[in-house]
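Asker: Generate coordinates for the sequence data below:
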Amino acid sequence: MLYCCIVVLNCCGIVAVLLLLYRCCIVVVNGGLSQWSVWGVCTVKCGGGEQTRSRTCTEPAPSHGGASCTGFLHESQACNIQACSTPAAAASPPAASAAAPAAV
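Answerer: Numbering: from 1, shown residues only. Next up is the predicted model:
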């Protein structure tokens with residue numbers, strides 16, 4: 001949609017308001033979701049943990065009264081669900097390179 005707009009100019013401390021009928025239009029932009037981030041590191045090495053990923057409403061960001069994005073911005077999934085060989089094994093998450101994201 002196009003809307004006519006009022007431009008406010010500030011020149012030397014004086015504010016002038018101009019109504020431009022054909023040269024100044026605002027384009028209403030609805031928000032769009034970015035791609036999902038990579039899956040984060042699993043919260044545990046074994047015994048069942050969780051990993052998350054996210055996306056933003058910036059492709060494009062809504063502007064000039066456009067609609068915000070619809071859909072989830074955060075997602076989680078189970079990871080490292082195999083049983084632990086020892087209780088202490090689940091205590092700390094693995095190194096980032098060891099976390100294998102699950103297929104979505």
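Asker: Let's test this: name the helix or strand in this structure with the lowest mean pLDDT.
Answerer: strand 2-11 (a mean of 48; mean pLDDT, DSSP states H and E).
Asker: which residues touch the closest residue in space to His74 that isn't next to it in sequence?
Answerer: Leaving out its chain neighbours, the residue that sits closest to His74 by CB to CB, 6 or more residues apart in numbering is Ser54, at 4.9 Å. Every residue, glycine included, has its C-beta placed from N, CA and C. Ser54 is in contact with Trp36, Ser37, Leu73, His74, Glu75, counting by CB atoms under 8 Å, 6 or more residues apart in numbering.
Asker: So which bits of the helix or strand containing Gln51 are buried?
Answerer: In the assignment (DSSP states H and E), Gln51 maps to strand 49-54. Of all the residues in strand 49-54, those buried under the rule 16 or more other CB atoms under 10 Å are Gly49, Gln51, Arg53.
Asker: For the second one, name its beta-bridge partners.
Answerer: Beta-bridge pairing of Gln51 under DSSP bridges involves Gln77.
Asker: Test my guess that it contacts Ser37.
Answerer: No: counting by CB atoms under 8 Å, Gln51 sits too far from Ser37 to count as a contact (11.0 Å).
Asker: coming back round to it: any idea which of the buried residues of strand 49-54 is closest to Gly32?
Answerer: For the buried residues of strand 49-54, the closest approach to Gly32 (CB to CB) belongs to Arg53, at 17.6 Å.
Asker: so the closest one touches Trp39, yeah?
Answerer: Yes: at 5.0 Å, Arg53 and Trp39 qualify as touching, with contact defined as CB under 8 Å.
Asker: In terms of pLDDT, where does the residue nearest to His74 sit?
Answerer: According to the predicted model, the pLDDT of Ser54 comes to 98.
Asker: What of Cys25?
Answerer: Reported pLDDT for Cys25: 71.
Asker: What's the local residue count around it?
Answerer: Look at Cys25: counted by other CB atoms under 10 Å, it has 13 neighbours.
Asker: try the one 10 residues further on
Answerer: Using other CB under 10 Å as the criterion, Gln35 is surrounded by 9 other residues.
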